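Structure for this input, please:
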Amino acid sequence: MPYTALVVAALAIGFEQLIQWKYGPMGIIAFVALSIGIKAKNTTISGLGAVILVMLLAQSG
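Alright, predicted model coming up:
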């Protein structure tokens, strides 16, 4: 179990760094809002984070 948690944490940190490098501070804000909303089971916050990430992805593509 500790190895699984370690791998998941490493992947999450790597994904967060990728988002920050590619999309800047707004990408981090969106990723954090999405993560907090999912953990708190708050659909408003997670929806807001998801919408911001989609807007950033659409803007760059």
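
and stretch 31-50, which residues are buried?
Residues 31, 33, 34, 37, 45, 46, 48, 49, 50 are the ones in stretch 31-50 that count as buried (16 or more other C-beta atoms under 10 Å). Placement of C-beta: from N, CA and C, glycine included.

so where is this structure shaky, pLDDT-wise?
In the prediction, the chain carries residues with pLDDT under 70 at positions 1, 60-61.

Can you check which helix is longest in it?
Ranked by number of residues, the top helix in the chain under DSSP state H is helix 2-40.

centre of the chain versus it, how much separation?
Averaging C-alpha coordinates over helix 2-40 and over its chain gives two centres that are 4 Å apart (C-alpha atoms, centre = their mean, to the nearest Å).

For it, enumerate the helices and strands it packs against.
helix 43-60 (3 or more C-beta pairs under 8 Å, 6 or more residues apart in numbering; DSSP states H and E).

Contacts for the helix it packs on next, please.
The contact list for helix 43-60 (C-beta atoms under 8 Å, 6 or more residues apart in numbering) reads 19, 22-23, 26-27, 29-38.

returning to what we had before: relative orientation of the longest helix of the chain and helix 43-60 in degrees?
Interaxial angle, helix 2-40 versus helix 43-60 (axes from the mean of the first three to the mean of the last three C-alpha atoms, to 10 degrees): 100 degrees.

count of neighbours near residue 21?
Other residues near residue 21 come to 9 when the count uses other C-beta atoms under 10 Å.

Kindly report the same for residue 27.
For residue 27, the number of neighbouring residues by other C-beta under 10 Å comes to 20.

wait, what's in contact with the closest residue to it other than its chain neighbours?
The shortest distance from residue 27 to any residue other than its chain neighbours is 4.3 Å, reached at residue 19 (C-beta to C-beta, 6 or more residues apart in numbering). By C-beta under 8 Å, 6+ apart, the contact set of residue 19 is 27, 28, 30, 31, 53.

In TSV, list the buried residues of stretch 31-50 along with distance to residue 12.
What follows is the buried residues of stretch 31-50, written out as TSV (distance: C-beta to C-beta, whole Å):
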residue	distance to residue 12
31	9
33	15
34	12
37	15
45	18
46	16
48	20
49	14
50	16
